[in-house]
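**Student:** need the 3D shape of this:
(chains A, B, C and D)
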There are 4 protein chains.
Amino acid sequence: MEKKSELIENLMKGKMKLREIEKCTDNDSNEATKIRREFLEKKYGMKLENIGKSIINFNDANNRNIENPIGATQLPLGFAGELKINGNHAKGKYPILLATTEGRLVAGMARGIKLFNIIDGITTTIIKDGMARAPVVKVKSARDAVKLINWIHSKEAFEFFKDEFYKSAKYAKLKEVKAYTAGIYVHIRFKSSTGAAMGMNMITIASRKAIDAMITKVKKELGLEVTFISTTGNLCADKKPAYIDILEGRGVSVISEGIIPKKILKEMFRVTPEMVAELCRVKCLQGSALAGSHGFNAHIANVLAAIYIAHGQDPAQIVEGSQVITDAVVVDGDLYVSCFLPALEVGTYGGGTKRETQQEALRLLGLYGEGDDEGKTRLAFAEVVAAACLASETNLLAIQAAGELAFTHGTLKRG
Amino acid sequence: MEKKSELIENLMKGKMKLREIEKCTDNDSNEATKIRREFLEKKYGMKLENIGKSIINFNDANNRNIENPIGATQLPLGFAGELKINGNHAKGKYPILLATTEGRLVAGMARGIKLFNIIDGITTTIIKDGMARAPVVKVKSARDAVKLINWIHSKEAFEFFKDEFYKSAKYAKLKEVKAYTAGIYVHIRFKSSTGAAMGMNMITIASRKAIDAMITKVKKELGLEVTFISTTGNLCADKKPAYIDILEGRGVSVISEGIIPKKILKEMFRVTPEMVAELCRVKCLQGSALAGSHGFNAHIANVLAAIYIAHGQDPAQIVEGSQVITDAVVVDGDLYVSCFLPALEVGTYGGGTKRETQQEALRLLGLYGEGDDEGKTRLAFAEVVAAACLASETNLLAIQAAGELAFTHGTLKRG
Amino acid sequence: MEKKSELIENLMKGKMKLREIEKCTDNDSNEATKIRREFLEKKYGMKLENIGKSIINFNDANNRNIENPIGATQLPLGFAGELKINGNHAKGKYPILLATTEGRLVAGMARGIKLFNIIDGITTTIIKDGMARAPVVKVKSARDAVKLINWIHSKEAFEFFKDEFYKSAKYAKLKEVKAYTAGIYVHIRFKSSTGAAMGMNMITIASRKAIDAMITKVKKELGLEVTFISTTGNLCADKKPAYIDILEGRGVSVISEGIIPKKILKEMFRVTPEMVAELCRVKCLQGSALAGSHGFNAHIANVLAAIYIAHGQDPAQIVEGSQVITDAVVVDGDLYVSCFLPALEVGTYGGGTKRETQQEALRLLGLYGEGDDEGKTRLAFAEVVAAACLASETNLLAIQAAGELAFTHGTLKRG
Amino acid sequence: MEKKSELIENLMKGKMKLREIEKCTDNDSNEATKIRREFLEKKYGMKLENIGKSIINFNDANNRNIENPIGATQLPLGFAGELKINGNHAKGKYPILLATTEGRLVAGMARGIKLFNIIDGITTTIIKDGMARAPVVKVKSARDAVKLINWIHSKEAFEFFKDEFYKSAKYAKLKEVKAYTAGIYVHIRFKSSTGAAMGMNMITIASRKAIDAMITKVKKELGLEVTFISTTGNLCADKKPAYIDILEGRGVSVISEGIIPKKILKEMFRVTPEMVAELCRVKCLQGSALAGSHGFNAHIANVLAAIYIAHGQDPAQIVEGSQVITDAVVVDGDLYVSCFLPALEVGTYGGGTKRETQQEALRLLGLYGEGDDEGKTRLAFAEVVAAACLASETNLLAIQAAGELAFTHGTLKRG
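**Tutor:** From the prediction side, this is the model:
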């Protein structure tokens, strides 16, 4: 190995690329991490000592989670308590961990958990499951597009796609293939369960291969000229707010619910069911309608961000994941609350769940997905997320109905 | 101080609350963090040693960033290179750090940076600036609502609101107050610059106080009965995808752009400007239109998530922040690319920027906002974000136009 | 019969209701029409002589199209020429009639027709067909909602729904039943073809009856308590712009297309394919994206309004019908244009097609649907509409690309 | 004049164009109308006798409302009763006429009118007024776009635009000029009141001229190269559902409201305020949210279509006009109802109001706009429309809450 100082010198002079360091460290990425960091320290004349205190083993991580690592970002991790859940897969008490720098988020969750544990927990129900990827192809005419679509929607095509899909995606179960067009482009949306993994990579590869095979087949059998355009044409829709994800679902579609007796609501929050229902209506429904919003809720994105980061999920997927309808209505004098989450794209194996701290959080839940080919841990984890969302939403709505956003969001804490 | 083991025992038995530990540690939150973690370890019979290796000083953090801390979540931090930016406030080369577990994100950014550095960087321009908060009140009739709105839109009211606003928000500059109604509820959207801070808390408090004062005033002077309903009625719109943020802006509205010569595009990506423009059209525009999406881009949420987390921003705000229009058109035979980002709610002081590793990242950019009352570092940081988005988007679109999503998103790396 | 003057006197004095006149005219609605009109004339001291010159036979119409008639509104009807169409059902030349008061609309259509007839017409292709109605019911919990949804999506349920549906709807063919929930309400979207009729009434009755039967059945067999809430909960979605209609279709989903040689475009409009494609991109895609619009086209609503009114369609259904994606791209140097119309809710029998002038227009097309149980005339008429839309859109985009909106929209005609 | 039969022969043989007939009839368009119709009759071997019974004087109409007329389409016109309105401009009782072929629409309106007259009418309030047109231009860079936008938003520019605007639009009052960009295109939205006219043509011409003048000015004074692209880039947004129209308003923004005592609701509809409020919530808010709709109401498009057609308005503008929020909430035990209509683009002079039957309807209201330079009749008419909408919506929601959509929509009338 060259001497560290020489490598740093080479980086300073631009003689070497950042990603070439590993070649000089016998592929020791931890060592390379240190070198890149020291280069930055030297170049900018400042210490990165906190970033340097990473416990991440980049020798394992390099091929999967990041390139050119220089250390780690640390986010405070808080424990909001154990939430009782009566789900299809999640059954019992689950410790809720949140990684966040948003003051009062953990405290608000803790209050929500306390509330629901009093009434014996939150009920969660899976509606459907299936990660989606939608490559786009080009044809000669809209008439050809419709011909292609009709074939894609045939039973024969579905069997064909399954065969092709499973060649690369062994834990996948293809659920649906739907095609859309607006002219000479055809978007083909594959939807598949993905074992314990969130599955984006799995079905990206599988759908790409299925499309390649389809192009050959329809050329030969139907005489259709089809050109591959892109692995995705935004009808997936990944990491974008989109109605297709609300209507069709993406990842796990799940709903969480509970009934808060009037008396308990009064004692804990000094509000009536009617006050919370009115606020939910004017804010989550009418306010969002006026704003042109896809998010009919109070602050789901906060909860998703904190719980996704803590458990190694992809934080960019809170964009579509937070397209949630939170409901609060008066039923027989008590408060019925629910969260409908159409697109929780979560995984309990692979991706960020490999990382040291994130995996510990998943293991604490008892939901690390190693060996779970059927993805039951993934479904259970989606239920935990959905339940946590409801706990936090209910608390925030009740707090706001009492006129005190500040209490939860930390604005008064300085007073 | 009670003995640690006793405290843990009390937690196990439910005799003590998680948030009460600090009381028994002379408010030493670092010590309390350890106790809560050990309680969890004992209860679940597993070690949380990686979560425990936090370098965060919770004695400083407790009141601001989190409650009930038990340690930290660590995310890999990668260095994608230095990006040249010609902005209104950001001028020169900026090191781009990304905290992510998404393989190939840093590599793709690095390629985008390389591309733009060849052509002398990315131009960024600030369109507008102003964080928004929209409390909601209730009146007796829609006619009263319109009376109230007309007053709110008067010059007199604006002066009044400024006075009230500045009582609590000393770094704020109130830009606009706009009111909306759909019946007996009136939503009042305050928009204000916020110094170096992202400013959500600042303007939440200030707008709440302004509303309280308004209620008294309009009762007395206009005879209007106004009831406070909530500090927010979702017209802000915070952490939700919403057209009001696209049309009105929220936080910093900024645009980044560049022209890629045909020749360079060919050499680096084996594609023509026409191919990239076609893909951008079918995907970012038509595909998103078909999908019912607010996100007319390739993968902005990925970039925002990684750069927000690395620099102590609120990751939940990528929801509205990623409502971005990425454009790629052929101009004089070359490829013109741009990203319009209407809602970058960022800050360089306060909030998550206080955290150890995040602050180092901001300091490396030279944009930690301590002492920056005018918020120039905040605007410069928004430009860095916008430039990084364009670098990554251009790379991804070019890669996809070449038929190789896999190359960037890691699907082929296993092959 | 009482004397006319007495009846009018009674109306003046409020002793009689408007809808009671028929009782005094031996159910002669034409006579009653005259009386109501004369009452208005007397009361307001003005003549309604033009409204009075109606040729409508209200004795036939009364039970179907209107109550309390007083005459007719007359709209100018123009003939834009015969358009050649190569459709799935529409084959040959069709006379295009437009009822409008929008100057230059007929002229623009005429130019579009001329353009497409030169290149041998417009190709139209049916994508799918099915009118939708979505009643909403209430259950005890979201868990019950999911149970109900799972049953609704079963094969058994589909057979059950078909049986119930066909009891009242003899020309219907049930295509799909899809259920949605966001808590304790379940929306059940029935989709069915409807013979020659537009079919709203037909499937409203049929789906109401199917729901009533379902409520009894699931109570007995699954123990589910389901309460009927409303015949529609806005997931149909009728007469509202809604993404569910774009993604799922409503009525006829059809696409029209053509390729305009560069030379012809130049001669007729003095523009290049590139100019039209650029305008379509910046306007129909990017402009609409920025505006938060569901309408990715130039002026489809104009065409639909004029053609719907002329042929006895429901003009309120242009709201969802105009959610159209118009595309114009350069292909091999020429201009490819298309209109994707996901929701043309048209009929050739029943409703407004009974009216004298409207029926003549349909008969002129050879598409009056009497006796057409399979609805082929309806599909053909949808293709005529789609083709007319493309003719008009192409003309307008070409005109605008040439910088002359005024030319088509009449702004210069005064010069 | 050539003999009619010769002209028809020439048309049959394609020797003559449809629009050339007037040249052979000494510009007698009524005569030309007859000839074109007879040509069609001959060609298609059928009589168009009803279409022929037009009372429209095309000699007056030809230059304004239509080209190539062949007669008229007649729609049944019904009288639903006189509705009491307490508006800003509409004060007193107004006869509500509807042109429709939708059975039970008039009957439902009549019931709504009866309901509101019992409680002394509907209150309407104007929120704002201003027709909008948004031309689009192209610049060299986004940085230039922002420069241009900053200038456009200056006071100087507003004065400049007013001067240019008023050169052609003498009844206009320019209210606002707002610019938007997403790259190198800039959309400039002019908003102006328009006297008694709906004003689309007026401000199309005026904004086109203002843009032309701007291009010259900013070239000279700011050195900005600006190219005109189109008179509209869809940010107007005309005849498309779009959030910009909801948030910014277009035409008249108006709100109608009333409070229905519990007792009256019970007597007339056999429902409670709570039942109607629940239905409105689940349907107009939650249902529309789930459907991805911009229309948060029951059936506004029906009412707009019928009232627009009867009074010479542009029926295509019901698309954006029907983006209405209907609200129904329980207040002090009674039912508060309101309709917020952000975009009623109506006129009482010019356009379709010139037509014989339509003008009679406007005159009956006392709101024909001849000589009304300030547009008070237009504002009053918008209030009549808004009040009629509320009457019909309230009736339909109450009917549906009682489980009887059929009663209003005619589905049971056959039973």
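
**Student:** show me where the stretch 251-400 of chain A has strands.
**Tutor:** Under the criterion DSSP state E, counting those that start in this stretch, strands of the stretch 251-400 of chain A are mapped to A:251-260, A:325-331, A:334-344.

**Student:** buried set for stretch A:48-64?
**Tutor:** Residues of stretch A:48-64 classed as buried by neighbour count (16 or more other Cβ atoms under 10 Å in any protein chain shown): A:L48, A:N50, A:I51, A:G52, A:K53, A:S54, A:I55, A:I56, A:F58, A:A61, A:N62, A:R64. Quick note: C-beta positions are derived from backbone N, CA and C, even for glycine.

**Student:** stretch A:247-262: how far from the chain's middle?
**Tutor:** Remark: stretch A:247-262 is offset 16 Å from the chain centroid, using Cα atoms, centre = their mean, to the nearest Å.

**Student:** per-residue pLDDT, A:N30?
**Tutor:** pLDDT recorded at A:N30 is 94.

**Student:** got the phi and psi for it?
**Tutor:** phi -60, psi -40 (degrees, to the nearest 10).

**Student:** I'd like the distance between it and A:G351.
**Tutor:** According to Cβ to Cβ, to the nearest Å, A:N30 and A:G351 sit 21 Å apart.

**Student:** now the buried residues of stretch A:48-64 as CSV including distance to D:G258, pLDDT and secondary structure?
**Tutor:** What follows is these, written out as CSV (distance: Cβ to Cβ, whole Å; pLDDT from 0 to 100; DSSP: H, G, I helix; E, B strand; the rest coil):
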residue, distance to D:G258, pLDDT, secondary structure
A:L48, 66, 96, coil
A:N50, 63, 96, helix
A:I51, 63, 96, helix
A:G52, 68, 96, helix
A:K53, 66, 96, coil
A:S54, 65, 94, coil
A:I55, 66, 94, coil
A:I56, 64, 95, coil
A:F58, 68, 92, helix
A:A61, 65, 63, helix
A:N62, 68, 55, coil
A:R64, 63, 71, coil
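
**Student:** closest to chain C out of the residues you listed?
**Tutor:** A:R64 (34.7 Å; Cβ to the nearest Cβ).

**Student:** how close does the closest residue to that closest one other than its chain neighbours get to B:A388?
**Tutor:** Leaving out its chain neighbours, the residue that sits closest to A:R64 by Cβ to Cβ, 6 or more residues apart in numbering or on different chains is B:G103, at 5.2 Å. The spacing between B:G103 and B:A388, counted by Cβ to Cβ, is 18 Å.

**Student:** rewinding a little: A:N30 and A:G351: who's more crowded?
**Tutor:** Neighbour count, other Cβ atoms under 10 Å in any protein chain shown: between A:N30 and A:G351, A:G351 has more, with 24 against 16.

**Student:** the more buried one contacts A:A316, correct?
**Tutor:** No: taking contacts as Cβ atoms under 8 Å, A:G351 lies outside contact range of A:A316: 11.8 Å.

**Student:** what's the overlap in contacts for the two?
**Tutor:** Common contact partners of A:G351 and A:A316 (Cβ atoms under 8 Å, 6 or more residues apart in numbering or on different chains): B:E102.

**Student:** which residues touch the residue in the stretch 51-200 of chain A positioned nearest to chain D?
**Tutor:** Nearest to chain D in the stretch 51-200 of chain A, going by Cβ to the nearest Cβ, is A:I127, at a distance of 12.7 Å. Counting by Cβ under 8 Å, 6+ apart, A:I127 makes contact with A:G249, A:S253, A:V254, A:I255, A:P342, C:V146, C:I149, C:T181.

**Student:** for A:S207, same thing?
**Tutor:** With contact taken as Cβ under 8 Å, 6+ apart, A:S207 is in contact with A:R133, A:A134, A:P135, A:F165, A:I188, A:F190, A:T231.

**Student:** also A:A172?
**Tutor:** The contact partners of A:A172, by Cβ under 8 Å, 6+ apart, come to A:F165, A:Y166, A:S192, A:S193, A:T194, A:G195, A:G199, A:M202, A:I203, A:A206.

**Student:** and which of these is nearest to chain B?
**Tutor:** Using Cβ to the nearest Cβ, A:M202 comes nearest to chain B of these, at 8.6 Å.

**Student:** test my guess that A:S288 contacts D:A289.
**Tutor:** Yes: A:S288 lies in contact with D:A289 (Cβ under 8 Å); the separation is 7.3 Å.

**Student:** between the two, what contacts are shared?
**Tutor:** Both A:S288 and D:A289 are contacted by A:F296, under the criterion Cβ under 8 Å, 6+ apart.

**Student:** neighbour-wise, which of the two wins?
**Tutor:** Set A:S288 next to D:A289 and count neighbours by other Cβ under 10 Å: A:S288 wins out with 25 against 22.

**Student:** how close does that one get to B:L235?
**Tutor:** 9 Å.

**Student:** do A:S168 as well
**Tutor:** As judged by Cβ to Cβ, A:S168 and B:L235 stand 46 Å apart.

**Student:** now do A:L396
**Tutor:** Noted for A:L396: a distance of 17 Å to B:L235, by Cβ to Cβ.

**Student:** equivalent analysis for A:I309, please.
**Tutor:** With Cβ to Cβ as the criterion, A:I309 and B:L235 are 28 Å apart.

**Student:** what does A:G87 give?
**Tutor:** Distance, A:G87 to B:L235, using Cβ to Cβ: 34 Å.

**Student:** looking at these two, which is more packed in?
**Tutor:** Remark: of A:G87 and B:L235, B:L235 carries more neighbours, 30 against 24, as counted by other Cβ under 10 Å.

**Student:** so the more buried one sits right up against A:Q286, yeah?
**Tutor:** No: with contact defined as Cβ under 8 Å, B:L235 does not reach A:Q286; the gap is 9.8 Å.

**Student:** can you tell me which residues in chain A are near chain C?
**Tutor:** Residues of chain A lying near chain C by Cβ under 8 Å from any Cβ of the partner chain: A:123, A:125-127, A:141-143, A:145-146, A:149, A:180-184, A:243-244, A:247-248, A:255-257, A:292, A:325, A:327, A:329, A:331, A:336, A:338, A:340.

**Student:** list the contacts of A:N234.
**Tutor:** Per Cβ under 8 Å, 6+ apart, neighbours of A:N234: A:A134, A:K240, A:A242, B:K283, B:C284, B:G287, B:S288, B:A291, B:S293, B:G295.

**Student:** that should have said A:F116, apologies.
**Tutor:** Contact partners of A:F116, counting by Cβ under 8 Å, 6+ apart, are A:L83, A:K84, A:I122, A:G258, A:A387, A:L390, A:A391, A:T394.

**Student:** which non-adjacent residue is nearest the third one?
**Tutor:** Right, A:I122. Nearest non-adjacent residue to A:I122, counting by Cβ to Cβ, 6+ apart: A:A387, 4.2 Å away.

**Student:** which residues sit in contact with that neighbour?
**Tutor:** A:L83, A:I85, A:G87, A:A90, A:Y94, A:F116, A:G121, A:I122, A:T124, A:S256.

**Student:** same question, A:I215
**Tutor:** Neighbouring residues of A:I215 by Cβ under 8 Å, 6+ apart: A:V137, A:V226, A:T227, A:F228.

**Student:** just the element for the last one, please.
**Tutor:** So the one you mean is A:F228. Using DSSP states H and E, A:F228 sits within strand A:227-230.

**Student:** show the subsequent helix or strand relative to that strand.
**Tutor:** Toward the C-terminal end, the helix or strand that comes next after strand A:227-230 (DSSP H and E) is helix A:243-248.

**Student:** distance check, A:D212 against A:I205.
**Tutor:** 11 Å.
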